[in-house]
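# Fold the stuff below for me.
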Amino acid sequence: MKPGIHPAYGPVVFRDKAANFAFPTRSTATRDKTVDWEDGNTYPVVDVEISSRSHPFYTGTARVLDTAGRVERFERRYGRTS
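Residues are numbered from 1 along each chain as shown. Modelled structure (predicted):
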């Protein structure tokens, strides 16, 4: 790796405010806001909109679209081509 061209990579806490969930990891993302973590250290905190705790796919609340109905409606409207 070339020295001086890569961003700083260090510990950071990502916090999902919608699900009241936070997890520590390492990242190049940094913010001025900090949080005191459970281990007694202070880390920069990055607020995110969606995490695995609030994403519909992971929580099981994802909706399934009725694609068969859409295809039938398209065929009724524009006819079926052979």
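# Where do the helices of this protein begin and end?
56-59, 67-78 (DSSP state H).
# tell me how far the last one is from the chain's mean position?
Average the C-alpha atoms of helix 67-78, do the same for its chain, and the two points are 33 Å apart (CA atoms, centre = their mean, to the nearest Å).
# May I have that helix as PDB, with CA atoms only?
Once side chains and other backbone atoms are set aside, the C-alpha atoms of helix 67-78 remain, and they are given as PDB (Å, rounded to 0.1, in the frame of the first residue of the first chain):
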ATOM      1  CA  THR A  67     -46.100 -10.200 -10.300                       C
ATOM      2  CA  ALA A  68     -48.500 -12.800 -11.800                       C
ATOM      3  CA  GLY A  69     -51.400 -10.300 -11.500                       C
ATOM      4  CA  ARG A  70     -49.300  -7.700 -13.200                       C
ATOM      5  CA  VAL A  71     -48.500  -9.900 -16.100                       C
ATOM      6  CA  GLU A  72     -52.100 -10.900 -16.600                       C
ATOM      7  CA  ARG A  73     -53.200  -7.300 -16.500                       C
ATOM      8  CA  PHE A  74     -50.600  -6.400 -19.100                       C
ATOM      9  CA  GLU A  75     -51.700  -9.200 -21.300                       C
ATOM     10  CA  ARG A  76     -55.400  -8.100 -21.000                       C
ATOM     11  CA  ARG A  77     -54.500  -4.500 -21.800                       C
ATOM     12  CA  TYR A  78     -52.200  -5.000 -24.700                       C
END
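# What residues of it count as buried?
Taking 16 or more other CB atoms under 10 Å as the basis for neighbour counts, none of the residues of helix 67-78 comes out buried. The C-beta positions use only the backbone N, C-alpha and C, and glycine is treated the same way.
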